[in-house]
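> Quick one: sequence plus predicted model below, questions after.
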Amino acid sequence: MPICIINLFLYKYFFMKHLTLSILSVLITGFTFGQSYWQQEVNYTIQVKLDDKNHTISGFDEFEYVNNSPDNLDRIYIHLWPNAYRNGKTALGKQQYSNGETALRFGPKEDLGSIDSLDFKLNGQTVKWEYDPINIDIAVILLPTPLLPGQRVSVSTPFKVKIPSGSISRLGHIGQSYQITQWYPKPAVYDKNGWNPIPYLNQGEFYSEYGSFDVSITLPKNYVVAATGDLQTQSEIDFLNAKATETQKRFGEFLEQKQGKAGKTPFPESSSEFKTIRYTQSKVHDFAWFADKRYGVLKGEVTLPHSKRKVTSWAMFVPQNAAVWTDAIEYINDGTYYYSLWNGDYPYNNVTAVDGTISAGGGMEYPNVTVIGNTSNKEELEVVIVHEVGHNWFYGILGSNERVHGWMDEGMNTLNEVRYVQTKYPDNTRLSDMVLNGSFHFEDLDHHDLSDIAYRMTAVIGEDQPIETHSAEFSSMNYGTIMYMKTGLVFYYLKDYLGEKLFDDCMHAYFEEWKFKHPQPEDMKATLERVSKKDLSWLFHDLIQTTNHVDYKLSSVKTSENGTTVKVKNKGQVDGPIEINVYKNDQLVETHWIEPGQKKSRSDLKTKDADRVEIDASNDIPEMYRQNNTWMANKAFKKLEPIHMEFLSGYNEKDKSELYWTPIIAGNVYDQFMIGAAFHNMGISPNRFQYFIAPMYSFGRQMVSGIGEFSYTCLPKSGLKVSRFGLSVKSFKNDSSYARKQDGAYLALAPYWFTKIGNRTNSPISQSFLLQGIVKADIQANTSTDYVGGFAKYTFGVNKPDHKLSVILRTDAVFSSETEMARVTADATYRFRYLKNTMKRWVEVRGFIGNTYHYKNSLGIKEYRMGMSLSGNDGQQDLFFEDYYFGRGLVDGMWSQQRDENMGGFKSTAYFGTTTHWMATSNVYFQLPIPKMGIFGLFADLGAFHNGTSVTSAINTGVGMRLGKVFGLYFPIWMSKELNDSYGNSSYAEKIRFTLKMNIVNKGIKLSSLMN
C-alpha cells in the first residue's frame, strides 16, 4: 500500500486544485480496505516422529484458530489430506483413474496411505467431529458454542500417517527417501465466500490459512532434513554445515559415480540413535519437510536487491545426480534475486531446493523449500528450480486460491520464469534445443516461444479453455498450456505494453498490498489498474475469462517525405493494445502502441522511407496468426512473405511463406509403385489456410497420380469450438475390370465443412458435424462425371475411463446418370472396460441400422456400389472416398479383402448381404484377458437385411487382432449357413478380412484417438 499511495500522491501533485481531494480519497480508500478485508489466522505447534521401517509418522498437532471474520462460526472444517491415498474412491483416486493412473485403485496395498488415530479436542475437551460424507480427506469439527468474531480456540489431536508410495503424488517415500507434504490435520480457509473445504487432488493445488509453525521432528540421527522455516537446533545447524563442507570435498567422488538412472545411490543403515530438530516460521500457510540419509548438501547466500538483506540458500541432492546439481546454488540464488527484483524482496531467511529422486511430479513448492523431480540436464534443472523457488512469491507470499484461480500462481510464476530465462540468457534457443537438438527447423526459438507455440497449437484445434477455469476442470493438456503458459504469455504482453518499469511498479504494489493475504482476481486487477492508470478489461476479461483470440492485421502502409502512415485492423476478438515496429536499414527506429478498443486504426509515424513495418516484431503478443503482420517496401508483393522451402516441416515464421517438402513413396494394385514428393505448409505453428499436395509418378498409370488437401480454419467466438472448410482431391488409376468402364483413372473432388460443437469445457462429451460433397469423374480419352453427391454426419461421443460411447447419425445421397440413391443410417458403439486393473481389457458392442429411402436405377439392375454392405464398405462402396484402399475396385484376391469398419460391421469378406433396402446388425468384440496380448479378441456378428423380396439373417464369429483403430485382422471360426454358402469354393484364406484406417485429414480425427 505505501508505494501505491506515494505514486498516486506524486501524480496528483501536478494538479494542485485536486490535491486535497486526492489525499482524502487515498485515505478513505485505505480505511475502507482495512475495514473490509479480513482473514483468519492459524498458529501450529506440531511434534512428529518418523518410523522408517514401517514408513509411518506419528505425532501431535495443536493449533490456535483465530476468528478474525465478522461471522459466528459453528464449525471448523479440517483437511486430512493423507486420506486421499487411502483407496481409489477418493477424489484423488477418481481424478487419477480418469487420467489413466490406476495405482490407488489397483496398486499394492502397501503403496497406499492414510491418516488415523485422530482424537480432536477443543481447549483440552473432547469435541464432536465427523468425516465429510463424500470426501474422507475432509472432516468437520462441530463447535459446542459458536466461535465469535475476535475469539480464538485451541484445537489438538494425535495423528498417525501411513506414508504412501512417492510414485502416486506429492506425499510419499521412495525407499527411505521421504517427501512429507500435506501431512498434518489443517483447517480449511474461511474467507468472504465462506468455508473452502477441498479434497486433495493431483491436478489442482491448495488454499490454506496463514499463521505460524513450531515443528519438532524426531528421526534417526543420520538423516539429512530440509524443511520450511528456520532451524532452531544448534547441533543440527552444525551437522548441516559439516555436511556442506564434506560435500564440497567429496564432489569429485560423487561425479565419478554412475549418474542419473544408471546410478542408484544405496541407502545406508539408519542410525540407532534419534535426534529431534525444531523449525519455526511465521507468515506462512504450510509446512513441509524432506529427509534422506544420502543427501549431499550445498550452501550459499544471496543478497536481496532492495533491502540488501542476505538469505541463506541450500541445495540437497542424491550423489547419483551430482553432475546435474553442480550449479544448483547459482540457480536458487539467481531465482531468488530476480523474483525479488521484479516483485518484492524475499521475506524469509532460508531458501532450499531438494532432490526428490523419482518421486511423482517434476517439482513442487512449499514455503521456503521446494522438491525437484527427475531432470535430465542442467538447463532443465535450472528452469524447474527457478519456477519452484518462484512459487514462494506466487501462492507462498501472495496466497491466492490455487484450486479456483490457479493462474494467479502458476501463470504469474510462468511469466517470471520466462522473464528469468530471457533476461539471464537473452540469446537462448531453449525450444530449438529441445526439438532434435535444433535440427528440425526450429532455429532461434527460445523459452518464450515454447509457451507461445503450445498455446496456439491448442487453440487452433478449438480445445483451449479460459484461463479463469477451476483447476480441476481443465483438461490435462490445458492445465499446462493454458493455466501456466497462456497466462504467462498474457502478462508478458502486458509487460511489453506498459513497459518494464511501470509493469514492475504494478507488481511491487500488488506484492506490498497483498503479501501474506488471499487476493482474488478482482483485487489484482484493481491494483494493476490503479498503478498503471489503464483500463485492463481487455486482459482481465477478454484474455483471462474467455477463449477470445488475438489477431491483428496490417492493412496498409504508405511512406512519404512526411513519415509513414500505418493502418491496422483488429480481426480478432480481443480489443487489446497493438505494437507497431518500424525499421529502416534493418534497424528498429520507431515503436508505437495503439491503445486498446480500436477495431480499425490509423497511425501517422515520424519515420520517413521505412523499409519494413511489423506488428509485434518480437512475437510477444499471443496472436493466433501472424502471417498478416509484415510489410516490406522492397518487395513486389509488399504484404506477401517470400517463399522459403524447408525439408519435412518446421516452424512457420511470420516473415516467410513456408513451403515444406518431403519425398514420398506409395502404391496400390492399379498404380503399382508410385514415387513423388509432398508439398505443404503444415508447420508447428498454425496457419488459417493449410494445404498438402502430393503428386506422384504412377508406374502403372504412367502419369501423375496423387492427393491434395486444402483447408481454411475459423475459430468462432461461441457455440462452436472450431470450423474448417476444405477440399480433398484424389486421382488414381481405375480398375480395368470395373463394370461398365474401360481402363483409365478417376478424379474425386470432395468439398467439406467440419466443425466441433460445444463449449470449451473439460467434458467427456464431444460433438462434431461433417458436411461433405463428392464429384467423381472418370478420366479416359475424355473426362466424364461418374456421379455427384454428398452426406451429412453428426457424431456424439462420451469418453470416460471405463465407458466410451460413439453415436453417428448420417444421411447420404448420390446421383449418377443411371442411379439415384438416398439413405439414412445410425451407428452406436459402446465400449466397456471389464478388466479395470493394469491389463485394461474391453468389450465393444455395436449396433447399426440403415434404410435406403430412395433408390432409382434406369439400368433395371441393382448397382452393387450403391448398396449397404453387411461386411462394411469395400473400395467400390466407398462412394465419398473417405478411406484409402490398395485395390479399390477388386472383387477377388488378397487386396479385395480390405473392408471398412462401418455399415453392417461383419468381420467377413463376403458380398452376401448387400442391400438397397434396410439393414440392422449387432457386433460384439471381446478383448482376451491374456497378459501382454491385448491385441487379440473374439468377435460375434448378428444381422438381418431385406433383399428386396424377403428378410435374411446371418451370424459370424471368430478371432480378431487389432492394433488400435488403425489396423484389424479377422479370422472366422463359425458362420451361419447362408453366409458360408455365399463364399462358394473360396479358400479359408479368402475369408480373412483386414481393415486399415489411413485417411485422417478432413475428419477432425485426433491421432491419439486412433490408438484408443
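All right, it came through fine.

> The helix ranked longest in the chain: which residues count as buried?
Selection of the longest helix in the chain by residue count, based on DSSP state H, yields helix 234-256. Under the neighbour-count criterion of 16 or more other CB atoms under 10 Å, helix 234-256 has 236, 239-240, 243-244, 247, 251, 254 buried. Heads up, the C-betas are built off the backbone N, CA and C, glycines and all.

> ok, the residues you listed vs Pro577, which is closest?
Lowest distance from Pro577 to those (CB to CB) belongs to Ala244, with 49.3 Å.

> Not counting its neighbours along the chain, what's nearest that closest one?
Lys299 (4.1 Å; CB to CB, 6 or more residues apart in numbering).

> So that neighbour belongs to a strand, correct?
Yes. Assignment of Lys299 by DSSP: H, G, I helix; E, B strand; the rest coil places it within a strand.

> Check it and give its pLDDT.
Here, the pLDDT recorded for Lys299 equals 99.

> Run through the residues that contact it.
Applying CB atoms under 8 Å, 6 or more residues apart in numbering to Lys299 gives the contacts 240-241, 244, 312-314, 329.

> Bridging across strands, which residues link to it?
For Lys299, the beta-bridge partners under DSSP bridges are Trp314.

> partner strands of the host helix or strand of Asp941, parallel or antiparallel?
Per DSSP states H and E, Asp941 falls inside strand 936-946. According to DSSP bridges, strand 936-946 forms sheet pairs with strand 918-927 (antiparallel), strand 951-963 (antiparallel).

> which stretch among the ones you listed comes nearest Asn135?
Closest among the strands paired with strand 936-946, once you apply CB to CB, is strand 918-927, at 33.8 Å.

> which regions of the stretch 351-500 of the chain sit below the pLDDT cut-off?
Along the stretch 351-500 of the chain, segments meeting pLDDT under 70 span 357-361, 432, 434-443.

> can you give me the strands in it?
Using DSSP state E, counting those that start in this stretch, the strands assigned to the stretch 351-500 of the chain run over residues 363-366, 369-372.

> Point out the most buried one among these.
strand 369-372 (a mean of 28; mean count of other CB atoms under 10 Å).

> In terms of secondary structure, what does that one contact?
Judged by 3 or more CB pairs under 8 Å, 6 or more residues apart in numbering; DSSP states H and E, the packing partners of strand 369-372 are strand 289-292, strand 350-355, strand 363-366, helix 378-390.

> Recalculate using a threshold of 7 Å.
strand 350-355, strand 363-366, helix 378-390 (3 or more CB pairs under 7 Å, 6 or more residues apart in numbering; DSSP states H and E).

> Now Val924: closest residue in space, sequence neighbours ignored.
Ala940 (4.8 Å).

> Repeat that for Thr795.
Ser768 (4.8 Å).

> how close does Met477 sit to Gly252?
Met477 sits 43 Å away from Gly252, going by CB to CB, to the nearest Å.

> Identify whichever of the strands paired with strand 936-946 lies nearest to Val284.
Using CB to CB, the strands paired with strand 936-946 put strand 918-927 closest to Val284, at 50.8 Å.

> buried stuff in that closest one?
918-923, 925-927.

> again, but for stretch 548-560
Applying 16+ other CB under 10 Å to stretch 548-560 flags 548-555, 557, 559 as buried.

> Inside strands: which ones of those residues?
552-555, 557, 559 (DSSP state E).

> Show me which of those is closest to Cys714.
Distances from Cys714 to these, taken by CB to CB, are shortest for Lys553, at 15.1 Å.

> check contacts around the closest one.
568-569, 571, 628 (CB atoms under 7 Å, 6 or more residues apart in numbering).

> among these, who's most crowded?
Using other CB atoms under 10 Å as the neighbour criterion, Val568 leads the contacts of Lys553 with 23 neighbours.

> element containing that one, please.
strand 563-570.

> What residues sit buried inside that strand?
563-564, 566, 568-570.

> Pipe those into a markdown table and attach pLDDT per row.
Output for the buried residues of strand 563-570, formatted as a markdown table (pLDDT from 0 to 100):
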| residue | pLDDT |
| --- | --- |
| Gly563 | 93 |
| Thr564 | 95 |
| Val566 | 97 |
| Val568 | 97 |
| Lys569 | 96 |
| Asn570 | 95 |
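
> between these, which is nearest Trp129?
Asn570 (57.0 Å).

> in the sheet, who's paired with that closest one?
What pairs with Asn570, by the bridge criterion (DSSP bridges), is Tyr552.

> can you pull the contacts of the residue lying closest to Ala328 once chain neighbours are set aside?
Closest residue in space to Ala328, ignoring its immediate chain neighbours: Ala315 at 3.8 Å, by CB to CB, 6+ apart. Residues in contact with Ala315 (CB under 7 Å, 6+ apart) are 298, 325, 328-329, 332, 353.

> Quick check: beta-bridge partners of Ser177?
Ile174.

> hang on, the earlier thing: got a list of contacts for the strand holding Asp941?
Contacts for strand 936-946 (CB under 7 Å, 6+ apart): 870, 904-907, 913, 915, 917-928, 930, 951-962, 970.

> What residues of that strand count as buried?
Under 16+ other CB under 10 Å, the buried positions of strand 936-946 are 937, 939-946.

> Same check on stretch 149-164?
Buried, per 16+ other CB under 10 Å, within stretch 149-164: 153, 155-164.

> Distance of Lys965 relative to Leu805?
Distance of Lys965 to Leu805, given as CB to CB: 15 Å.

> Are we agreed that Asn652 is in a helix?
No. Applying three-state DSSP, one finds Asn652 to be coil, outside a helix.

> quick one, what contacts it?
Asn652 neighbours (CB under 7 Å, 6+ apart): 658, 681, 683, 685, 687.

> do Ser114 as well
Counted by CB under 7 Å, 6+ apart, Ser114 has contacts 82-83, 85-86, 162.

> what would those residues look like in a markdown table with distance to Leu715, pLDDT and secondary structure?
Formatted as a markdown table, the contacts of Ser114 follow (distance: CB to CB, whole Å; pLDDT from 0 to 100; DSSP: H, G, I helix; E, B strand; the rest coil):
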| residue | distance to Leu715 | pLDDT | secondary structure |
| --- | --- | --- | --- |
| Pro82 | 44 | 99 | helix |
| Asn83 | 43 | 99 | helix |
| Tyr85 | 41 | 98 | helix |
| Arg86 | 44 | 98 | coil |
| Lys162 | 49 | 99 | strand |
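
> got any ranges where the stretch 701-850 of the chain has weak pLDDT?
Checking the stretch 701-850 of the chain against pLDDT under 70 turns up 735-743, 781.

> What sits closest to Phe994 if chain neighbours are left out?
In space, Phe994 is closest to Leu969, 5.0 Å off (CB to CB, 6+ apart).

> now swap in Leu890 and tell me
Ser896 (3.8 Å).

> ok, how many other residues are close to the one you found?
21.

> Next: the one 4 residues further on.
A total of 20 residues lie near Asp900 under the criterion other CB under 10 Å.
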